[in-house]
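# The sequence isn't on hand, but the structure is:
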């Protein structure tokens, strides 16, 4: 029978931070560091909101001291070491994981898929024409579709965009690059490296991959947290994989100190060292993106860190408590503040509209002394020369 290990809440929290490389561990540099980080995390989420730097840049900057935006752009468009697809939201994903997304792509080729069926029914004649134009004219953004077509004009609006997205989801097109954050679509055969594994995984292979990916990124996690990390497998696939990997002692069940039943799992090598992880220094802080991998599981965030976080940009102004785009601040092992910030790119100014200290922040002067250098570094990364208000 597989042994269950009892760990303290502190050990599980530190294991989570170590898995996200927030413990001061040495990380690779340059493009290799970015490729490594995306592989360790399993994905880095993209998002269209541009109040501050884009989510994927912010997430990687928070972990990699030498991060530059062009590293990610080159890995996608030149080196082909990452690709775009839906993991937990549209994301940058390791190219080595491509085969594990083939099942989802095939699902969108199924005539029983409701969304794909509706797009094909509404815009079916556009599909071969879009493919023909990309084949003969090369990669294009949605906005670059213009001119005359059989039956009328092309335009660059919803029908073309829907068709391009359908072909992306089906795996017939890939994002070959981004231009001003606009997707540039090209034929998959012209983007996909020739040595990529194209074997569709079995349910067992997929489940084990998802468990390993989630546990590498989470450290220690519950089954529902594992299933929610990358949206490719259902509860049955995850449960079977947990059993298989437990039987081989690759992972172990974990109970929190004081709980009667094990609810968590972790890689054996992580669990064996979890109680020996040192405390994380509180002398510096990290300003995180709302779409950061550490934050994206909101229920998990509350369980492990007692931090209730919600992005309020989707709420009416009168219902916002912390601001339109409040950025969580991690200091040591705790979330201690939220900073609502906005970049004015024309004026090269980062404006702080609100700072909310958490109840556990401790002496405000000490907490602010840890946050201020990171805030200045964040302003610089956003190409801002001025920080307002001046502190």
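Good, I have the coordinates. Since the model is a prediction, treat every value here as computed from it, not as a measurement.

# State the pLDDT value of residue 150.
We have a pLDDT of 50 for residue 150.

# Then the one 3 residues further on?
According to the model's per-residue confidence, residue 153 sits at a pLDDT of 58.

# for this structure, which strand is longest?
For the chain, the strand reaching the highest residue count under DSSP state E is reported as strand 334-344.

# That strand - contacts with which helices or strands?
Where contact means 3 or more Cβ pairs under 8 Å, 6 or more residues apart in numbering; DSSP states H and E, strand 334-344 is packed against strand 285-287, strand 326-331, strand 349-357, helix 364-381. (Glycine included, C-beta is placed from N, CA and C.)

# closest to residue 230 out of those?
Proximity to residue 230 (Cβ to Cβ) singles out strand 326-331 among these, at 21.9 Å.

# Quick check: closest non-adjacent residue to residue 216.
residue 40 (6.1 Å; Cβ to Cβ, 6 or more residues apart in numbering).

# list the contacts for the one you found?
Residue 40 sits next to 19, 21, 216, 217 when contact means Cβ atoms under 8 Å, 6 or more residues apart in numbering.

# ok but the third one is inside a helix, no?
Pointing back at residue 216 there. Yes: under DSSP: H, G, I helix; E, B strand; the rest coil, residue 216 sits within a helix.

# if we can go back for a sec, which one of the contacts of residue 40 sits in the busiest neighbourhood?
Within these, most neighbours by other Cβ atoms under 10 Å means residue 19, with 24 neighbours.

# Any idea how many residues pack against the closest residue to that one other than its chain neighbours?
Leaving aside its sequence neighbours, residue 19 sits nearest to residue 219 (Cβ to Cβ, 6+ apart; 3.7 Å). Applying other Cβ under 10 Å, we find 25 residues neighbouring residue 219.

# Residue 15 is in contact with residue 219, correct?
Yes: using Cβ atoms under 8 Å, residue 219 is in contact with residue 15, at 3.4 Å.

# any shared contact partners between the two?
In contact with both residue 219 and residue 15: 266, 270, 274, using Cβ under 8 Å, 6+ apart.

# Dihedrals phi and psi, the first one?
Translated: residue 266. Backbone torsions for residue 266, taken as degrees, to the nearest 10, come to phi -150, psi 160.

# so it sits right up against residue 255, yeah?
No: with contact defined as Cβ under 8 Å, residue 266 does not count as touching residue 255 (11.4 Å).

# Looking at these two, which has the bigger crowd around it?
residue 266 (25 against 15).

# I'd like the distance between the more buried one and residue 258.
In this structure, residue 266 and residue 258 are 18 Å apart, going by Cβ to Cβ, to the nearest Å.

# Over to residue 189?
In terms of Cβ to Cβ, residue 189 sits 55 Å off from residue 258.

# what do you get for residue 112?
47 Å.

# So the closest residue to residue 345 other than its chain neighbours: helix, strand or coil?
Excluding its sequence neighbours, the residue lying closest to residue 345 (Cβ to Cβ, 6+ apart) is residue 383, at 7.3 Å. Going by three-state DSSP, the secondary structure assigned to residue 383 is coil.

# circling back to that earlier point, mind putting the helices and strands packed on strand 334-344 into JSON lines with distance to residue 62, mean neighbour count and mean pLDDT?
As requested, the helices and strands packed on strand 334-344 are exported to JSON lines (distance: least, Cβ to Cβ, whole Å; neighbours: other Cβ atoms under 10 Å; pLDDT from 0 to 100):
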{"stretch": "strand 285-287", "distance to residue 62": "5", "mean neighbour count": "23", "mean pLDDT": "96"}
{"stretch": "strand 326-331", "distance to residue 62": "9", "mean neighbour count": "24", "mean pLDDT": "98"}
{"stretch": "strand 349-357", "distance to residue 62": "16", "mean neighbour count": "17", "mean pLDDT": "96"}
{"stretch": "helix 364-381", "distance to residue 62": "9", "mean neighbour count": "16", "mean pLDDT": "94"}
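
# Let me have those in JSON lines, extended by distance to residue 131.
As requested, the helices and strands packed on strand 334-344 are exported to JSON lines (distance: least, Cβ to Cβ, whole Å):
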{"stretch": "strand 285-287", "distance to residue 131": "43"}
{"stretch": "strand 326-331", "distance to residue 131": "41"}
{"stretch": "strand 349-357", "distance to residue 131": "43"}
{"stretch": "helix 364-381", "distance to residue 131": "39"}
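
# so which of the ones you listed gets nearest residue 295?
Of all the helices and strands packed on strand 334-344, strand 326-331 comes closest under Cβ to Cβ, at 6.3 Å.

# residues in contact with the closest one?
Strand 326-331 has contacts (Cβ under 8 Å, 6+ apart) with 22, 52, 282, 284-290, 292, 294-295, 307, 309, 311-312, 335-341, 354, 356, 361, 367, 370-371, 374.
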